[in-house]
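Peer 1: take a look and give me a structure for this.
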Amino acid sequence: MKHFIVEIVYTKPIEEIMKISSLHREYLKTGYDTGLLLFSGRRTDQKGGMVVARAESEREITEFFGKDPFGLNNAAEYKTTEFGPVLYQDWMKDWVEGK
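Peer 2: Have a look, this model is predicted:
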C-alpha cells in the first residue's frame, strides 16, 4: 500500500463551496467505507482541505478524487503527495499495513 496527502485547494469562493460541501462529504464517505481514507478536514483558513489516504497507486487516488463533487463543479483542484509512514500510533498499524 502507498500513502498520500491530498491537498484540496478551493477555486471558488467559500460561499459556493458551502453549497456543495454536503455532497463532497457524502462522496468522501465512500472512501472511508472502502478503507481508502484515514481522515480529512477543512483548512482553518477555509481555502481548502487536507486528506490522508492510502491506495495501491497514485492513479487510484486521482481517479477517486476525479469523481469528487468539488472537482466536478470546478470548485477545487487537488495536489497529491506520496509519503512513507515511518512512525505512527499503535492503533494505526493495521491501516498503515493495508489490513
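
Peer 1: tell me the centre residue of the protein?
Peer 2: Nearest residue to the geometric centre of the chain (CA atoms, centre = their mean): residue 51, 3.5 Å.

Peer 1: and that residue, how close does it get to residue 39?
Peer 2: Noted for residue 51: a distance of 7 Å to residue 39, by CB to CB, to the nearest Å. All C-beta spots, glycine's among them, are computed from the backbone N, C-alpha and C.

Peer 1: how about the secondary structure of the residue nearest to the centre of the chain?
Peer 2: strand (DSSP: H, G, I helix; E, B strand; the rest coil).

Peer 1: pLDDT at it, what is it?
Peer 2: Note on residue 51: pLDDT of 98.

Peer 1: so how far is residue 40 from it?
Peer 2: With CB to CB as the criterion, residue 51 and residue 40 are 4 Å apart.

Peer 1: next, show the common contact partners of these two.
Peer 2: Residues touching both residue 51 and residue 40 (CB atoms under 8 Å, 6 or more residues apart in numbering): residue 28.

Peer 1: quick one: end-to-end distance for stretch 56-75.
Peer 2: End-to-end distance for stretch 56-75: 27 Å, by CA to CA, to the nearest Å.

Peer 1: name the next helix or strand following the helix or strand where residue 22 lies along the chain.
Peer 2: Secondary structure assignment for residue 22, by DSSP states H and E: helix 14-33. The element immediately downstream of helix 14-33 (helix or strand, assigned by DSSP H and E) is strand 37-42.

Peer 1: okay, now the sheet partners of that next one, with direction.
Peer 2: Using DSSP bridges, strand 37-42 pairs in its sheet with strand 48-55 (antiparallel).
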